[in-house]
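Participant: need coordinates for the below:
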Amino acid sequence: MKLQQNIRIIVSALFFLLASSLTHAKEPKFYVISPKISKELTDFYFNHGFKPRRSIPSNLSPQDNIIFYDCQISNELEHLQILYVCHQPNESDITTSAFLIPVPSPVDQLTLAQTVMAQDLNIAVFYSRNSELQYKYLATNKAEGVKLSGYRSYGSLKFDKDIKEIIKDNDAVLALTDNSIFNTATLRAIMLSTYREHKPIFGPNKAFVQAGSIASLHVTDINIAETAIELSNQFQNDEYLPGIYFTKTQQYETNPTAARTLSLDLPLRSEISSTVTRKEAKDVHL
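Facilitator: Numbers count the residues shown, from 1 in each chain. Got it, this is the predicted structure:
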């Protein structure tokens, strides 16, 4: 009798351990992988249940929730659901993987320009290989009443000459996030060229607004992390999230002095915020 009781206890204990292990195996682990993640982001992700790692853990499973700050896609990761955070995703991988580009949505930047200009726009957009996906996204999702004039740079764009010719039939210039075109070396020439033509420029970041751009959205590392967590959780729940996404943000900067120079009246910040938020909610992806 005692032996039978002991056997029952042992069997019950083994059954409990097996059930617990199976239940535990189904629970996803939450990882954020980056070789150079900052302490601020490490703390932020850790506080949201993610385990920051500098390299790929060896025990990843298909159920795990993974945010990967790297564009490289290796064969060993193909069976995993991963949200990649990178500036230049490989276009051939977009249909099978999810990518968060850590910059403001170019559609939101265009909405910001429309709100300030208060009119339908003919707008010039310069892009290169580095920002081609941003331009395609913008061309696909732009609002009605907007005409885009896209100009691809192959590294030889002369702003003092080319911009004068390009923007004469456009109302403004929209600068995408692309350091190969819009950087500290080209900033002065870009600003002088647009102001000579009395045409405003919008975007691509806070630094350009301080230098003379009319307005721009901009993102912080925390904005990027918040969006990544939201998308990654959605990925885990829906089990399907391929495509391109941009960082959600309400961080924006305006330059009232530059606006007055071009006889533009800046809307209230609350109006800009609500307009971009409404557009963002309707935004679609490639």
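
Participant: pass me the low-pLDDT residue ranges in the stretch 151-286 of the chain, would you?
Facilitator: Within the stretch 151-286 of the chain, the ranges that satisfy pLDDT under 70 run 155-163, 239-240, 250, 269-270, 272-286.

Participant: show me where it has its helices.
Facilitator: Counting by DSSP state H, counting those that start in this stretch, the segments of the stretch 151-286 of the chain that form helices are 159-167, 187-196, 206-211, 221-238, 256-261, 269-282.

Participant: any idea how far the residue nearest to the spatial centre of the chain is from T42?
Facilitator: Within the chain, the residue whose C-alpha comes closest to the C-alpha centroid is F246; the distance, by C-alpha atoms, centre = their mean, is 2.8 Å. For F246, the distance to T42 under the criterion C-beta to C-beta, to the nearest Å works out to 23 Å. In this view, the C-beta of every residue, glycine as well, is placed from N, C-alpha and C.

Participant: residues in contact with P106?
Facilitator: Listed by C-beta atoms under 8 Å, 6 or more residues apart in numbering, the contact partners of P106 are 134-135, 137-138, 174, 176, 246.

Participant: hang on, the earlier thing: I figured the residue nearest to the centre of the chain hits L100, correct?
Facilitator: Yes. Contact status for F246 versus L100: in contact at 7.4 Å, counting by C-beta atoms under 8 Å.

Participant: and the residue nearest to the centre of the chain, what are its bridge partners?
Facilitator: With DSSP bridges applied, the residues forming beta bridges to F246 are I101.

Participant: if I pick it, what's in contact with it?
Facilitator: 100-101, 103-106, 108, 137.

Participant: returning to that earlier point: now, the contacts of P106 that are in strands?
Facilitator: Secondary structure of the contacts of P106 is defined by DSSP state E; positions in strands are 174, 246.

Participant: adding distance to G212, write the contacts of P106 out as JSON lines.
Facilitator: Output for the contacts of P106, formatted as JSON lines (distance: C-beta to C-beta, whole Å):
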{"residue": "Q134", "distance to G212": "22"}
{"residue": "Y135", "distance to G212": "23"}
{"residue": "Y137", "distance to G212": "26"}
{"residue": "L138", "distance to G212": "22"}
{"residue": "L174", "distance to G212": "15"}
{"residue": "L176", "distance to G212": "17"}
{"residue": "F246", "distance to G212": "25"}
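
Participant: tell me which two of the contacts of P106 sit farthest apart.
Facilitator: In the contacts of P106, two members sit farther apart than any others by C-beta to C-beta. They are L174 and F246, at 14.5 Å.

Participant: which residues are in contact with H218?
Facilitator: Neighbour list for H218: 104, 205-206, 249, 251-253 [criterion: C-beta under 8 Å, 6+ apart].

Participant: what are the phi and psi values at it?
Facilitator: Comment: the main-chain dihedrals of H218 come out as phi -150, psi 160, following degrees, to the nearest 10.

Participant: coming back round to it: between the contacts of P106, which sits nearest N122?
Facilitator: With C-beta to C-beta as the yardstick, the closest approach to N122 among these comes from L174, at 11.0 Å.

Participant: ok, that closest one - how many residues close by?
Facilitator: The number of residues packed near L174 is 27, by other C-beta atoms under 10 Å.

Participant: what sits against it?
Facilitator: Residues near L174 by C-beta under 8 Å, 6+ apart: 106, 109-110, 113, 123-125, 138, 201-203.
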